[in-house]
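>>> dropping the sequence and predicted coords here.
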Amino acid sequence: MRDLMMLAAMVVFVPLSLINAFIAYLLWGWTAVLSPVFYLYGFMRPLRFNLLFAGITVFALLFGRLSERGKFTLTRTQILFILFALHASISAVFAIPNNPFNLEYYSGLMKVMAFCLLMPLFATSRLRIHALLIMVVLGLGFHGLLEGLKFIASAGGHRVLGIQTTMMGDNNHFAVGMVLAVPIAYYLSHFSNNRLVRLGFLGVALLTAAAILGTYSRGGFLGLAIVGLGIALGSPKKWLSITVVVLGAVAVLVLAPESWFERIESIGAAKEDSSFMGRVAAWRISSAIALANPLFGGGFHALQYQPTWESFRFASGLLGFVQIPEMPLIAKAAHSIYFEVLGDLGFVGLFLFLALLCNALLSRFEIRRLCAGQSHLAWAKTLSDLLAVSIAAYMVSGAGVSLAYFEPIYVLLALMEALKQCVLNDCRAQPSVGRSAA
Amino acid sequence: MESILFTLDVFFMVALVWAIFKAERKASQFRDLGFFAYRDIERTPATIRKDGPDA
């Protein structure tokens, strides 16, 4: 049934994509974050939706009609994206040989880099940025909505395990992924025109928050706390937002099962937690790989390749001062976006990765400055705040998961740049206002 | 439940795509996303901080 419905949707999607490249671009993003194959079981399952719409985007961009095409300018963000992609390519070429993860993660990163590098051609107006945000929520937020409903319907008994066909394949990854979706759904719940749509997006935001709690992920819980705080402090209706956040926290305290509290309370007892010490072991080996290959690292997920793990198992790396009772025998994931990039792409790769994240946070301040005193740009100011909340939450909760190449975070970084360019164009159109603000 | 929600999600995506298709056929000043259209929130004097840049 789902396959038939998806087929019917494709009858609409494909022709419209061929006519309008932005529609193809939007569907490329949607199929990347939704991963329809996870929900299909029949004849549509083998279809590579993502590749299909990526191909149509390029085809339609070259030969189709695009009512409004942006310019490809070398902004600070675009330069960082290009440098990061080039550096990752060199790392992949000079990677530790025979690592089966290298090509898999490299190709995934290059796909999202292509998506982000093309964004300036498409995200040229508020309407298109709004459509891209809806796409993110219909893709990423859908998982949160579904799992959140299951969590609530089972009165907290449902354990959220993740979406196996995506990078959110376990509960911790899923929680961090969902942390990115909540602020976007919250933005849409404020700036959508239709009351029903606003309520719908608010529901997605709240259910996604419930899904994060249902993962029992400590990192996800920290990320959610940052999102709640960021939304409450940035809201013009500060007291209403703080009340909602406090009510949400009270609801958690009342409704969550005992096992959830035990898991969250273990944040403070990291040294006694074998799961945490296993992570420290992975961080130590990641840093040892980086010290052995400081410029380009060991290649994508070299740490998870058993021969690499064994050859670096007793190296002290940068964390030799931490006492680890027993170094694990089996290769583990990096369990930190920072150590993941450090081990995979070396110190230069980590610098570029951090520069990309910090650049987006810097852009948020630039957007706020440009929007100051311009009431018609209140939406841009709010959106920049909420994108920054998503990115900051990722930076904190990502410290405990191997999710450095997670596609949606790069989409949010590119959206921040698209938003800045949109605001800059608006200020150029009204030079007197823009100059006084800048 | 999963089937219904997945169907709804795909349906909303079709609606969004159709709204964009219709909107982009119009002149830029008349474009909107219909059901998914955005709005501006007018800030009242009470919500503008006196010490803020908007003051």
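Looks like it arrived, so ask away.
>>> would you mind listing what in chain B touches chain A?
Contact residues (Cβ under 8 Å from any Cβ of the partner chain) of chain B with chain A: B:1-3, B:5-7, B:9-14, B:16-18, B:20-21, B:23-25, B:28, B:31-33, B:35-43, B:47, B:53-54. C-beta coordinates here come from the backbone N, C-alpha and C atoms, glycine included.
>>> residue closest to the middle of chain B?
Ranked by distance to the mean C-alpha position of chain B (Cα atoms, centre = their mean), the top residue is B:Tyr38 at 3.0 Å.
>>> beta-bridge partners for that residue, please?
Taking DSSP bridges as the rule, B:Tyr38 bridges to A:Ser192.
>>> ok, then the element right after the helix or strand containing A:Ala88?
Element membership for A:Ala88 (DSSP states H and E) is helix A:76-93. Downstream of helix A:76-93, the first helix or strand assigned by DSSP H and E is helix A:101-122.
>>> avg pLDDT for that following helix?
Per-residue pLDDT over helix A:101-122 has a mean of 94.
>>> thinking again about what came up before, so what does the helix holding A:Ala88 touch, helix or strand wise?
helix A:101-122, helix A:337-371, helix A:407-429 (3 or more Cβ pairs under 8 Å, 6 or more residues apart in numbering or on different chains; DSSP states H and E).
>>> rerun that using 7 Å as the cut-off
With contacts taken as 3 or more Cβ pairs under 7 Å, 6 or more residues apart in numbering or on different chains; DSSP states H and E, helix A:76-93 sits against helix A:101-122, helix A:337-371.
>>> among these, which is nearest chain B?
Closest of these to chain B is helix A:337-371, at 8.2 Å (criterion: Cβ to the nearest Cβ).
>>> what comes up buried for that closest one?
Residues of helix A:337-371 classed as buried: A:337-353, A:355-357, A:359-364, A:366-368, A:370-371 (neighbour count, 16 or more other Cβ atoms under 10 Å in any protein chain shown).
>>> next helix or strand past it?
Using DSSP H and E, the helix or strand that follows helix A:337-371 in sequence is helix A:378-397.
>>> is that following helix in proximity to chain B?
Yes. Helix A:378-397 lies within reach of chain B by Cβ under 7 Å from any Cβ of the partner chain, at A:378-379.
>>> taking helix A:407-429 as reference, get the angle to that helix.
150 degrees (axes from the mean of the first three to the mean of the last three Cα atoms, to 10 degrees).
>>> next, the buried residues of helix A:378-397.
In terms of neighbour count (16+ other Cβ under 10 Å), helix A:378-397 has its buried residues at A:378-395, A:397.
>>> which elements pack onto it?
Using 3+ Cβ pairs under 7 Å, 6+ apart: helix A:378-397 touches helix A:171-191, helix A:218-234, helix A:337-371, helix A:407-429.
>>> can you list the ones you listed in CSV and add distance to A:Phe49 and mean pLDDT?
Converted to CSV, the helices and strands packed on helix A:378-397 look like this (distance: least, Cβ to Cβ, whole Å; pLDDT from 0 to 100):
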stretch, distance to A:Phe49, mean pLDDT
helix A:171-191, 19, 94
helix A:218-234, 27, 88
helix A:337-371, 27, 95
helix A:407-429, 14, 93
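>>> can these go into a markdown table with extra columns for distance to chain B?
What follows is the helices and strands packed on helix A:378-397, written out as a markdown table (distance: least, Cβ to the nearest Cβ, whole Å):
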| stretch | distance to chain B |
| --- | --- |
| helix A:171-191 | 5 |
| helix A:218-234 | 12 |
| helix A:337-371 | 8 |
| helix A:407-429 | 12 |
